[in-house]
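A.B. asks: any chance you can model this:
(one chain, ligands or ions: 2)
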Amino acid sequence: MITVHLKERSYQIIAGSGVLASLGRRCAAADLGSDAFCVTDPFVKARYGKIISSSLSRAGLASTFFVAPSGEKSKSFDECRCLLEALARFDKNKRVFVVAAGGGVVGDLAGFCAAVYKRGVAYVQVPTTLLAQVDSSIGGKTAIDLKHGKNLVGAFFQPKLVLSDVSLLASLNRRQFASGMAETVKYGVISDPRLFGLLERKAGTLQSGASRELVPIIAACSRIKAGIVEKDERDETGKRIILNFGHTLGHALEAAHGYGGYTHGEAVAIGMACACDLSRRLGLLDAESAGRIERLLTSFGLPVKMRPVAFRAIAEPYLRDKKFKGKSRFVLLSKIGSPRVVEDVPLSLVREVVASRMV
Ligand SMILES: NC(=O)c1ccc[n+]([C@@H]2O[C@H](COP(=O)([O-])OP(=O)(O)OC[C@H]3O[C@@H](n4cnc5c(N)ncnc54)[C@H](O)[C@@H]3O)[C@@H](O)[C@H]2O)c1
Ligand SMILES: [Zn+2]
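C.D. replies: Numbers count the residues shown, from 1 in each chain. Ligands and ions are numbered 1, 2, ... in the order given. All right, here's what the predicted structure looks like:
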């Protein structure tokens, strides 16, 4: 068990195999309410809905499901409105709370709706993808997208509990598992050389069904994310920015290829490879460390080269910024475990690196 220490907003992360069956008991013990509004997606509902509803009913809690379509398109105003109206219809006893059971899409959508419904009702994160277990369920960032960009409408709103059942990951396909592994590699790279070494040793054998091996890895990542969030809950002190390692170019690539072209983790893997190249070219990082990072990413089946895309599409966010002076901020690396924020990376260098990473 890991605690995220945020004074009156503190909460626990429970990661283990089979912990989903304890959902109802834990919600009841935390006195979150009497009526659970469970947000999920079609796959998770079909596969795990029964475990969720029986656990809640064993604890004497009423429940209903709201099933959002799979995929990023559910992080929209339309879906948000449908969800809030269903929540209001269900909220008869004024003791409603939200359970977000799914990947990062469900977590972000349900978390955002919990934040704004009646100016905030309690919610629990039940992350069911590796990416959600190691990253998106922790830290209280909730959001929906606009056509102008991802996560543009959101709120900081911490859950009351995060319940990560590692046995659920067995049903992830290879791509979804690798996508989560990209974030896991990121944690090793930005903060924990021992975790990085462990991943290197286990790379050949780690699979979504390997619950026993995955529990300590998920716990290590959760601890790192919790520690960073504790230091900078609302992205104000600059500490949280290191979580963006690989994400500056990763997000740009996701957008440039159309959401869904690359999974988030795939785009971040390419972004991390580019961040290593930039670090090398600026004389910050040695070739051996950069090589280890690239090998670890490829050993999980993640891409480190990108399909061709116009550089303009990647550079769009900078070029749109009127104050942009040809240089921008990147999280780079001086060695594994030591990130470094560099404020003035020339766009010309980024262009060179991106060009050299195209297949
Ligand atoms: N809030 C944050 O701090 C934060 C951090 C990182 C990412 N995110 C967001 O997370 C989202 C991506 O999350 P994701 O990668 O989990 O994608 P996702 O939620 O779209 O899930 C991917 C797919 O996995 C399926 N799935 C879920 N659980 C499964 C299981 N146990 N077995 C088999 N299939 C399962 C889903 O049905 C879906 O089709 C993005 O919208 C991103 O912006 C948020
Ligand atoms: Zn990410």
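A.B. asks: going forward, measure contacts between C-alpha atoms and count neighbours the same way
C.D. replies: Will do.
A.B. asks: is any part of the helix or strand hosting residue 81 close to ligand 1?
C.D. replies: Per DSSP states H and E: residue 81 is located in helix 77-90. No - figure legend: helix 77-90 not in contact with ligand 1 (C-alpha under 6 Å from any ligand atom); closest approach 13.6 Å.
A.B. asks: name the helices or strands packed onto that helix?
C.D. replies: strand 62-67, helix 104-116 (3 or more C-alpha pairs under 8 Å, 6 or more residues apart in numbering; DSSP states H and E).
A.B. asks: next, the angle helix 77-90 makes with the last one.
C.D. replies: To tie it back to what came earlier, the one meant is helix 104-116. Relative orientation of helix 104-116 versus helix 77-90 (axes from the mean of the first three to the mean of the last three C-alpha atoms, to 10 degrees): 60 degrees.
A.B. asks: of the helices and strands packed on helix 77-90, which is nearest ligand 1?
C.D. replies: Across the helices and strands packed on helix 77-90, the minimum distance to ligand 1, taken as C-alpha to the nearest ligand atom, is reached by helix 104-116, at 3.2 Å.
A.B. asks: contacting residues around stretch 90-99?
C.D. replies: 32-39, 64, 110, 114, 121-126 (C-alpha atoms under 8 Å, 6 or more residues apart in numbering).
A.B. asks: so which of those residues are in strands?
C.D. replies: Among those, DSSP state E puts 35, 36, 37, 38, 39, 64, 123, 124, 125, 126 in strands.
A.B. asks: which one of those has the most neighbours?
C.D. replies: When neighbours are counted by other C-alpha atoms under 10 Å, residue 125 leads the ones in strands among the contacts of stretch 90-99 with 32 neighbours.
A.B. asks: who does that one bridge with?
C.D. replies: Bridge pairing for residue 125 (DSSP bridges) gives the partners residue 100, residue 162.
A.B. asks: verify the contact between it and residue 136 for me.
C.D. replies: No - Residue 125 is beyond contact range of residue 136, at 9.5 Å (criterion: C-alpha atoms under 8 Å).
A.B. asks: overlap of the contact sets of these two?
C.D. replies: With C-alpha under 8 Å, 6+ apart, residue 125 and residue 136 have common neighbours residue 107.
A.B. asks: up against ligand 1, what does the stretch 151-300 of the chain have?
C.D. replies: The interface of the stretch 151-300 of the chain toward ligand 1, taken as C-alpha under 6 Å from any ligand atom, is made up of 168, 169, 171, 172.
A.B. asks: 8 Å instead, please
C.D. replies: 151, 168-173, 176, 179-180, 263-265 (C-alpha under 8 Å from any ligand atom).
A.B. asks: tell me which of the residues you listed fall in helices.
C.D. replies: Those of those mapping onto helices are 176, 179, 180, 264, 265, per DSSP state H.
A.B. asks: just among those residues, which is most surrounded?
C.D. replies: Counting neighbours by other C-alpha under 10 Å, residue 265 comes out on top of those with 27 neighbours.
A.B. asks: for residue 340, see how far away that residue is.
C.D. replies: Separation of residue 265 from residue 340 (C-alpha to C-alpha, to the nearest Å): 21 Å.
A.B. asks: for residue 226, same thing?
C.D. replies: Separation of residue 226 from residue 340 (C-alpha to C-alpha): 20 Å.
A.B. asks: looking at those two, which is more packed in?
C.D. replies: residue 226 (23 against 17).
A.B. asks: residues in contact with that one?
C.D. replies: Contact partners of residue 226, counting by C-alpha under 8 Å, 6+ apart, are 3, 4, 5, 138, 139.
A.B. asks: right, I'll call it a day here.
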